[in-house]
Every structure is written in C-alpha cells, then in structure tokens.
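Q: got a predicted structure here, sequence first:
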Amino acid sequence: MENLMIPCTSKPPAMIQTKHENLSEFSQIQTKLAFSKNTKTNYPEITDKHLNYLSRYGRLTEAITALDSIAQSESKVRPNTFINLLQACIDLGSLDIGRKLHARIHLVKESDPFVETKLVSMYAKCGSPVDARKVFDTMNEKNLYTWSAMIGACSRELRWKEVVQLFFLMMKDGVLPDEFLFPKILQACANCEDVRTGRLLHSLVIRLGMVCCSRVSNSVLTVYAKCGKLISARRFFESMDERDRVTWNSMILAYCQKGENDEAYRLFNGMWEEGIKPCIITWNILINSYNHLGECDVAMGLMKEMESSGIAPDVFTWTSMISGLAQNGRRWQALYLFKEMLLAGIKPNGVTITGAVSACASLRVLKMGMEIHSVALKMGIIDNVLVGNSLIDMYAKCGDLEAARQVFDMIEEKDVYTWNSMIAGYCQAGYCGKAYELFMKMRESDVKPNVITWNTMISGYIQNGDEDRAVDLFQRMEQDGKIKRNTASWNALIAGYVQIGAIDKAFGVFRQMQSCSVSPNSVTILSILPGCANLIAAKKVKEIHGCILRQNLEFVLSISNSLIDTYAKSGNILYSRIIFDRMSAADIISWNSIIGGYVLHGCSDAVLDLYNQMRNLGLKPNRGTFLSIILAHGIAKMVDEGKHIFYSISGNYEIIPAIEHYSAMIDLYGRCGRLGEAMEFIEDMPIEPDSSVWTSLLTAARIHKDIALAVLAGERLLDLEPGNIVVNQLMFQIYALSGKLNDSSKVRKLEKENTLRRSLGHSWIEIRNAVHTFVTGDQSKPCSNLLYSWVQNIAREVNADDHHGGFFIEEEEKEETGGVHSEKLALAFALIGSPSSSRSIRIVKNTRMCRNCHLTAKYISLKFGCQIYLSDSKCFHLFKNGRCSCGDYW
C-alpha cells in the first residue's frame, strides 16, 4: 500500500513552462482518464529501468523527455514505473512535473486503479486538492486506497465536512474504512463537531471488531471529548481495555476545555496510579488550562513539579505561563519569566514574543519592548505577522510612532490587524490626519478596512474633539464602506461624546441605537454611566438601569459596581445600597464603591459599619478603601482612630500611602480643629506635598479662621498653580485680610489678575426633564425680576448680613459687587409656583458655594420641607431639615 499517512509539507516550486506544454495543459486533458487499449504487450525493459533510475534520483525533467521518446516509438510503460514517477513528484513537491505526467498517462499499458490512486495522491500532496478531486470523480473503480488518498487530501486541507461527505459516499460504494482510515474520518467528525456521525462510526468500529485498536479507540474518544459529550467520553474511557498516554491526554484535555480543572487533575493523578508517566503534552494541557482560568500560581506550581519529575519545560510551557500571567494582569511577572526562559536556553516562538511584547505595551515600558524586538530579530521571527502587529501596537502605545511605522513598512504581507494597529496608534496619539491617510491607502490596498478599522477611526476623531468627522464616518461606513455597523460602532460614538462632556449627545446616540434594534452591551453601559454621575442626570441613570434589566446585564459585576457608584454620585445612595445588598458576589471594587458613596453623603457610621463587615468576611482593603475610611473618620471627628488606620496601611498591609491618603489626613486634622498637628504632619511627610494637601490645609484655615495658616497654604498653592484663577482670587482675599495688600509686587500682580479674570459661578438644575442654566448676577432671563424678588425676600428672612464675621475667603465675589449667586437663582426657579409642596431639588455648581448661600440653602430646606442636593466643585451637600450632610465643613 502506498504511503498515504505522511503529509507532504514541502511547498511546490515555481512552475516551469516547456516547449511541450504549459501549466494549463491539465485543463486540456480529457476528463476521462485515457489509458492505452492496445492489445499488444510491449514493455521495453531498458526504458522502464531507465525511467525508474531517473525517478529514483529525481531527474524528472529527463523522465518527461524519455516518455516523449517512448510515445514516438509507440511503446508503453508499466503501471509500477508510472507510479514511481508520480511518487518522485510527491517527494519533490513538483506539481508542474506531475501535471506533465498526467498529460502522458495514456502511455500506461492498461487501466490500473493504483495508477489513478497515485495520481490523486500526487495532486493532493503537491497542493492541488481541486485537481485531485477532479481525477477522483472520473474514476470508474475506487478501492480503499483511492478513498484513503482523497480523504487524506481533504484532511490535510482541513476540509472536515468534505471528509464526512466522502465517508458516506464510500459506504454507499460498498467500501469500508480500515484501521488507518477510521482515525482520519473520526478526526473530521471531532473538528466539525458532528457527534451524530461520530456515534455511527463508533458503532461501525464495534461491528468491525476494531475497538481493540488503540489508534481507532483514541479517535472515538476524541470525538466525544471535542463535541463536549463528557458523559459519553468518560463512559467510553472507562470501558477501554488499554489506555495509553494519548487516551489519558484526550480525557484530561476534554475536562480542561470544559473548565473542570479539578476533575482533570484527578485524572492526572489516576494516570500516575495506572503506571503511565505523564508526558510533556499532559503537563502542558494542565498548565495551559489553569492559566486560562486565571489560576497562574497553580500553573506555576505544576511547572515546578514537572521539572522535579525530570521533564524540562519546552517552549509551549513557557509561552503558556508568559501569556497566562500577561492576560491576568501580572505583566511584570510575565516579563521576568520571559527573561528566565532566555536564560534557560529556550528559543521563543512567535506566540511567546507576541505575549511578551503585549505585556510591554500594557505597561508602557519602551526599553524592554525594544529589547524583546532585538530578540525577535536574532531569532529570525520578525517576519511573523503576529510579532509585527504586536510590535506596532507596543511602539504606538509607548509613543514612538516613528518606530511603529518602520515596523509597519517592513511587513511585506500585511493583514487587517497590521493596518488596524498602525491606524489605532495614530488615533491614540491624536494624529487623526495621518490615520485617515493610512485608512484611505488601506481602502486602495488588497486588504480592505473591516468594522474594527471604521470604529477605530470614529473613536479617534471624536475622542480628539472632531465630532463632525466622527459622525460623518459613522454614517458613511454602511454606504461607502459597505460595512454593517455593530454595537462597537455605536459604543465608539457614545464613549467619545461622554469623554468630551457632551452627555446629552451621548444619550441621544444611546436612544437612537436602541430604536435601530441594536442591543446595548456591557461596554455601552460602562461607557455611558460615568457621564450620568451627577445630580442633574438622576433620571438618566434610572433609564439606563431599566435598559440593563431588559438586557439581563444586572448580574455583570462591572455594571453593578458602576451602578452603585453612579447612583451615589447622582444623589440616590439608597439605590446604591439596594444593588450592593443584592449582589451575589461582591469584589473589592463593589465594597469601595458603596463605602465611597456613603463618604460622599457624609454617612460615617454606615462607612465604618461596612468596613467592619468587609474585614469580618476576610476581604483585604486596598488603597481606595483606606482613603474612604480615613475620610469617614474625619467626618466622625475620630482623629485617633483615623491616625491608627493611616499608620496601619504600611505597618499591617504593606501598602505605601499615596498623596491622597496624606491629603485625607489633613482633612481629618482640619475637621477636628487640630491645625498645629496638621502642619506638623505635612512637615514630616516623606513625599513632597502637592496641591491637594495645601488645599485641604487652606480649607481648614478658612473654616477655623486662622489667617496665618491661610497665608502659608495659599502661597504654597500659588507656587504650584500660578495660573489658577481661583487660587489667585483666594490669595488676593487672604492678603487683604492679613493687611499685606501693599507689601509686594506679587500682590499687585494678583490684583491685576483678579481684575482681569474672575471665576464666574454657574449652576445647573433639572426641572421637568429640562436642564436650566443660571449664572451669577445674570438678569437676562424673562423671569429674572420674579427670581430676584424671591431671593431678596428669603434673604430678609434668613437675616444674615455677614456670616463670615469679617473673614471672607470665597471663590466667588460678594453678592454686593458680583450679583446674586447662581445657586440661589436656581433654588428660586425650582420653588416659585408651589412653595408648600415637598420636593427634591438637584443642583450642580462649578465653584465652591459661599457661607451665605450654604446658610440660605439650610434655611430653605427647613422652611419648605424639601431636600436640596447640591454638588459644588469641592463637596457634595444634602440639605435637609436645616442641616447639611457636609457638617458645615467644605
């Protein structure tokens, strides 16, 4: 029997035309194979020997010439001689010579199914399965070897469904597979998940008594395993009389693919117990599966255990570990492991390099990425398109677009990912013009833009502020590009609008998306929710929540966490708590979101209670948790407890406090009036104080009327942010209070700046689904007279001419000079018409509200029995029953 089981991996050389025929010659040959019907037997012994000699030494061009001489002498060749010539074509991978031999098949004395079978095999193994099928279909007599050749050809081309079809034709023709052909047909069933045909083959294997053949049995097991029929696979596995490594590996792999690693590991141990030592493939299956499920430590332990058992990790082991660590956020570890791999003398492959380069891209470590690039060059795998694409992405994300473009230009056979990586790099860097140029070149190339390309361009334009071009591309992609928009296309517009602050436009796209029957996904929700994290978007949050419920996305952890945060910031902490309490599996982000929400609302008791619950459950706090807990102790004025928490961050949890933790400590001291300790704390800081620290100290000095400390904090702020209008204005007021207005040129500069540029208060309020804007001192609205009259009446009732005690340090000017503050006008607008009805008023303001407005809001909440939610630039206020959630410290 011919050697049908060994696939030819050599590539066909360039086809050479001769004076006898060209490459299209086969198409001119009669479809019916023509053998000589001459009854006279004339086998020239010398000619056959000569042809066999030429075929043995690969001198096929001379063989063609010899055949032409035989044709001229009207002689014939033996079938075996012709078979040898065809085999030589297979060995050399010469499709061109094979076609020429096919054109001379009439020189074979008589019709021989073995010659026809070898011809099918030649075409199949030389890379022309279509021609192989043409020859196959014209054959009158097909034996087992013929069917094996054709099925083998389809198997090599991964045409699994065609293999199954051929099996049924073969059965119809009355030919049964043998132990060599069964595995190929079963492999096809496994790869196209045709378990029904697999069961039929299983029954046939039993009837033919081939179940005892390990190759066949293992193939049956693989069908059940790959088709996800674990019960059938396990039953067959248990019934097998002999189980080799392939058997165990198939079963272990089946459980790993289903994510059942524990059962896979039990089988692994059972393999040892049965006396079969796991091979490197077994170890790699388990290691890869644990990495895939994020259990990288277990995978690392298995790798060490494997080495202890005497099996050295190969490139696939190292690659699996490096990719697993990188994909599970442990990128530095992945890069260290890559270095260990090189030191161990293991040559990385394209997948290894791609994983390591991708880790560098995520970490933005250009130097290490360049080192890995040089390794790829030394290893000779720089031509690998996956490696090239990852290098483009790495250089682009690290800001070296020139290097990215050099790699891009060097890749000869660019795929769509190559183009997309380079276009994305330009977009991310803000070079949308260059991205568009490349986009147009791509449209003219053999590789056409796909939906990802269009989405990248849309996202690039809108995130860089050019919403018109983004919308134009969004509209053109279906008309000009013939590319159907997907959910990501809509998401690109929504996320872009949110990023540039155009939340109403984002919401418009969000609604239009649903009206076009495009279902929002988790990315859509996570893109639009942050834009609703303010007091005047509370109704929008509920609308999005309704969409989440309709799309069954409420159990997605990241969406639940985002909802908790957004509801809290939009003023509805009760909804945040309900969502949190209903979560089946809360992570550290869930706890931090609800704890942070309660801090925002000034509910220190709830914060500390949740913190204790969290610790009792064994959850380890992180930096975000500790920040909220310190702030909560400040709200509760529990200085000693807050100090204990701060020092436990590094002492007990080995976390280095960040600048925000130091700023929170100043807030803690400030709320309790311990300004001296706050100053000492700043002086002892191991890191340089930034603006947040000095702002916290200035707030404390303002609240407690410590002018000397206010001057110190303000001057430090002025050094750090000399161009900040608000800081300039505050310092001008501080110098005025301290009597230093005429002391220096710095004061005169501040006076000039304060005259030219002043921060103007703006407030926004949502009434009956419409957002209204009010500006301090503005009297242009038609109802301004009514609003101002109402404010004046309230001011007389409050009866507070000077709530500062002569200590005025505010971001806005006094109302006597700058006009009525915007939040008062917003409150008047909300309450005029139905003053006695209880309501919830929500206002957003761009500057810190002054003490007078704060006192007025407290009075209005008491008089009208309403709740006033007001978010200014520094604090979240909830005014209720004459009190504020900030504890009058903001």
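A: Sure, I can see it. Numbers count the residues shown, from 1 in each chain.

Q: so where is this structure shaky, pLDDT-wise?
A: Where the chain drops to pLDDT under 70, the residues are 1-46, 741-759, 800-806, 833-838.

Q: which ones are touching the residue most central in space within it?
A: The residue lying closest to the centre of the chain (C-alpha atoms, centre = their mean) is Gln327, at 9.5 Å. By C-beta atoms under 8 Å, 6 or more residues apart in numbering, the residues touching Gln327 are Asn291. For glycine as for every other residue, the C-beta is placed from the backbone atoms N, C-alpha and C.

Q: any idea how far Ile589 is from it?
A: 19 Å (C-beta to C-beta, to the nearest Å).

Q: so where do the strands sit in this structure?
A: Under the criterion DSSP state E, the chain contains strands at 762-767, 770-775, 840-845, 867-871, 876-880, 883-884.

Q: same list (the ones you listed) but as JSON lines, adding mean neighbour count and distance to Ser459.
A: Listed next are these as JSON lines, based on neighbours: other C-beta atoms under 10 Å; distance: least, C-beta to C-beta, whole Å:
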{"stretch": "strand 762-767", "mean neighbour count": "20", "distance to Ser459": "28"}
{"stretch": "strand 770-775", "mean neighbour count": "15", "distance to Ser459": "27"}
{"stretch": "strand 840-845", "mean neighbour count": "22", "distance to Ser459": "28"}
{"stretch": "strand 867-871", "mean neighbour count": "23", "distance to Ser459": "29"}
{"stretch": "strand 876-880", "mean neighbour count": "22", "distance to Ser459": "32"}
{"stretch": "strand 883-884", "mean neighbour count": "18", "distance to Ser459": "42"}
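
Q: got TSV for those strands, with distance to Thr487 too?
A: Shown next, in TSV, are these (distance: least, C-beta to C-beta, whole Å):
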stretch	distance to Thr487
strand 762-767	29
strand 770-775	28
strand 840-845	31
strand 867-871	32
strand 876-880	34
strand 883-884	43
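
Q: right, and those strands - which one's nearest Arg235?
A: strand 876-880 (62.3 Å; C-beta to C-beta).

Q: the closest one - contacts with which helices or strands?
A: If you count contacts as 3 or more C-beta pairs under 8 Å, 6 or more residues apart in numbering; DSSP states H and E, strand 876-880 packs onto helix 851-864, strand 867-871.

Q: Pro348 is nearest to which of these?
A: Pro348 lies closest to strand 867-871 among these, at 52.7 Å (C-beta to C-beta).

Q: leaving out the residues flanking it, which one is nearest to Met251?
A: Spatial nearest neighbour of Met251, chain neighbours left out: Phe237 (5.1 Å); criterion: C-beta to C-beta, 6 or more residues apart in numbering.

Q: who are the neighbours in contact with that neighbour?
A: Phe237 touches Leu221, Arg243, Thr247, Met251, counting by C-beta under 8 Å, 6+ apart.

Q: most neighbours out of those residues, which is it?
A: The member of the contacts of Phe237 that has the most neighbours, counting by other C-beta atoms under 10 Å, is Met251 with 29 neighbours.

Q: ok, that one to Gly301 distance?
A: Relative to Gly301, Met251 is positioned 22 Å away (C-beta to C-beta).

Q: and if you look at Gln475?
A: Applying C-beta to C-beta, the value for Gln475 to Gly301 is 54 Å.

Q: contacting residues for Phe681?
A: For Phe681, the contact set (C-beta under 8 Å, 6+ apart) comprises Tyr662, Met665, Ile666, Tyr669.

Q: so which residues of the stretch 401-550 of the chain form helices?
A: 401-410, 416-428, 432-444, 451-463, 467-479, 487-499, 503-515, 522-528, 538-550 (DSSP state H, counting those that start in this stretch).

Q: could you dump those to JSON lines with mean neighbour count and distance to Trp332?
A: Shown next, in JSON lines, are the helices of the stretch 401-550 of the chain (neighbours: other C-beta under 10 Å; distance: least, C-beta to C-beta, whole Å):
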{"stretch": "helix 401-410", "mean neighbour count": "17", "distance to Trp332": "22"}
{"stretch": "helix 416-428", "mean neighbour count": "23", "distance to Trp332": "23"}
{"stretch": "helix 432-444", "mean neighbour count": "16", "distance to Trp332": "31"}
{"stretch": "helix 451-463", "mean neighbour count": "24", "distance to Trp332": "28"}
{"stretch": "helix 467-479", "mean neighbour count": "16", "distance to Trp332": "36"}
{"stretch": "helix 487-499", "mean neighbour count": "23", "distance to Trp332": "29"}
{"stretch": "helix 503-515", "mean neighbour count": "17", "distance to Trp332": "36"}
{"stretch": "helix 522-528", "mean neighbour count": "21", "distance to Trp332": "26"}
{"stretch": "helix 538-550", "mean neighbour count": "17", "distance to Trp332": "35"}
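
Q: so which of those comes closest to Leu169?
A: That would be helix 416-428 among those, by C-beta to C-beta, at 37.4 Å.

Q: need phi/psi at Cys227.
A: Backbone dihedrals for Cys227, given as degrees, to the nearest 10, come out at phi -80, psi 0.

Q: start the count at 311, not 1, going forward
A: With the count now opening at 311, the last piece we talked about shows up as Cys537.
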